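Chemist: Compute the structure for the input listed below.
(2 chains)
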Amino acid sequence: SQELEQSPQSLIVQEGKNLTINCTSSKTLYGLYWYKQKYGEGLIFLMMLQKGGEEKSHEKITAKLDEKKQQSSLHITASQPSHAGIYLCGAVLISNFGNEKLTFGTGTRLTIIP
Amino acid sequence: DAGITQSPRYKITETGRQVTLMCHQTWSHSYMFWYRQDLGHGLRLIYYSAAADITDKGEVPDGYVVSRSKTENFPLTLESATRSQTSVYFCASSERGGLYTGELFFGEGSRLTVL
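Modeler: Residues are numbered from 1 along each chain as shown, chains lettered A, B, ... in the order given. From the prediction side, this is the model:
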């Protein structure tokens, strides 16, 4: 099973609408990262959250970290076609062997329709 | 140009052939990573390196070999390619690792098809 679960797996949203993507960890989170990937391209760093309750915003994208729930949410306000792509969350998790590893979720594919 | 570059961007090979994917970064970042991206699995870590001559296995290392003789280069070799290794491969680098990894900088990816 995935250690980082993202939901939903895909999302189709009308332009101008708000949306939320969630990332839930089965283990304690040590830092949570959000990346965006345009189709066929590399990953672009959006933001990093490190403290419980931390909230960061960049333009119309806001991410929050709930350390107790081991969960992060990414919220996009008034979506635009430029927001389309695959959003991935990543986190440093402690493996069963006690070492740290940077793990990514399976991604959420966002489509914006006019 | 500064940044992280991967080559080749596209490669088609046959089962059993050896393939090497190159990764070069100009920031002198200590940490470098190789991921593969597959539908339904997201990004999975193959190998990573904390410094020159220091490498370690990730989640899916079988069938892959890495080396890091210089800080700026981190080649990934498939010694005998299999169809299951058809994937998009991403190289990444970061200044730090472990619990304080920070931002990863990704290359544009290498799409490998094994026939």
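Chemist: Can you spell out which residues form a bridge with residue A:21?
Modeler: Assessed by DSSP bridges, residue A:21 has beta-bridge partners residue A:74.
Chemist: Tell me if I'm right that it and residue A:109 touch.
Modeler: No: with contacts counted by Cβ atoms under 8 Å, residue A:21 stays clear of residue A:109, the gap being 10.2 Å. Where C-beta positions appear, they are placed from N, C-alpha and C, glycine not excepted.
Chemist: shared neighbours, the two?
Modeler: residue A:11 (Cβ atoms under 8 Å, 6 or more residues apart in numbering or on different chains).
Chemist: neighbour-wise, which of these two wins?
Modeler: Neighbour totals were compared for residue A:21 and residue A:109, and residue A:21 leads with 22 against 16 (other Cβ atoms under 10 Å in any protein chain shown).
Chemist: how close does the nearest residue to residue B:58 once chain neighbours are set aside get to residue B:51?
Modeler: Nearest residue to residue B:58, sequence neighbours excluded (Cβ to Cβ, 6 or more residues apart in numbering or on different chains): residue B:45, at 3.1 Å. Distance of residue B:45 to residue B:51, given as Cβ to Cβ, to the nearest Å: 17 Å.
Chemist: Comparing those two, which shows the higher neighbour count?
Modeler: Ranked by neighbour count (other Cβ under 10 Å), residue B:45 and residue B:51 place residue B:45 first, with 20 against 13.
Chemist: Can you give me the buried ones in the helix or strand hosting that one?
Modeler: Using DSSP states H and E, residue B:45 falls within strand B:42-51. The neighbour-count check on strand B:42-51 (16 or more other Cβ atoms under 10 Å in any protein chain shown) flags B:42, B:43, B:44, B:45, B:46, B:47, B:48, B:49 as buried.
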